[in-house]
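Visitor: Below are the sequence and a predicted model for it; my questions follow.
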Amino acid sequence: MARSREYAASITVSIAQLEQMRDAQNYSYIYGHWGDGSADKVGLTGALAGYSATILGLIFVASTPAGIAVGITSLVASLFATTGNDTGHVIQNGVTSMTEMIRGLKPLTRYDLFQIRFPFLEFSLQDGTVIRFISGNGVIERAHSGSGWEIV
């Protein structure tokens, strides 16, 4: 059985990186089949193959497509009977939150990086794999421009 915990942590990302994180988390929802417990490991591995280890590590902690796919497949199988669909809703909530954050950041063209504090839902699997998902709304702590970091 997977152990879970919730916490908030800050990440530093560009808008493009946040878009990639959102898309990767959305693929984990789509190919995870959280509602029926039949995760598509091959499909998820393929969907995540184009993302860098940096992006995957920021969103999932595990940083290889295969490792993430195996972890999510195991997680879906162990959670499906009890909370699978609830976990799927949390994952989708995180995708929606990142989409809204991106929409708000796009007009801020003078900044190249943002430090954002997000809530995470993290699962530690029996094999030691750690998988986490952004679970809700983030807060911008500061932004970086050519003149340095600023509180926004």
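Guide: Yep, it's here.

Visitor: Kindly export the lowest-mean-pLDDT helix or strand in the chain (C-alpha atoms) in CSV.
Guide: When the helices and strands of the chain are scored by mean pLDDT, DSSP states H and E, helix 65-79 comes last with a mean of 85. Output of helix 65-79 as CSV, limited to C-alpha atoms (Å, rounded to 0.1, in the frame of the first residue of the first chain):
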residue,chain,number,x,y,z
PRO,A,65,9.1,8.4,-18.0
ALA,A,66,9.4,4.6,-17.3
GLY,A,67,9.8,5.1,-13.6
ILE,A,68,6.8,7.5,-13.4
ALA,A,69,4.7,5.1,-15.5
VAL,A,70,5.5,2.1,-13.3
GLY,A,71,4.9,4.2,-10.2
ILE,A,72,1.5,5.5,-11.4
THR,A,73,0.5,2.1,-12.6
SER,A,74,1.3,0.7,-9.2
LEU,A,75,-0.4,3.6,-7.5
VAL,A,76,-3.6,3.3,-9.5
ALA,A,77,-3.8,-0.5,-8.8
SER,A,78,-3.3,0.0,-5.1
LEU,A,79,-5.7,3.0,-4.7
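
Visitor: outside of it, which residues touch it?
Guide: Outside helix 65-79, the residues that touch it by Cβ atoms under 8 Å, 6 or more residues apart in numbering are 1-2, 28, 31-34, 37-39, 41-42, 44-46, 48-49, 51, 56, 60, 62, 84, 87, 123, 125, 127, 129-131. (Each C-beta comes from the backbone N, C-alpha and C, glycine too.)

Visitor: Can you show me the helices along the chain?
Guide: Assigned by DSSP state H, the helices in the chain fall at 15-32, 41-48, 53-60, 65-79, 84-105.

Visitor: Dump the ones you listed into TSV; add distance to Glu150 and mean neighbour count as well.
Guide: Converted to TSV, the helices of the chain look like this (distance: least, Cβ to Cβ, whole Å; neighbours: other Cβ atoms under 10 Å):
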stretch	distance to Glu150	mean neighbour count
helix 15-32	16	20
helix 41-48	33	18
helix 53-60	22	20
helix 65-79	34	21
helix 84-105	14	18
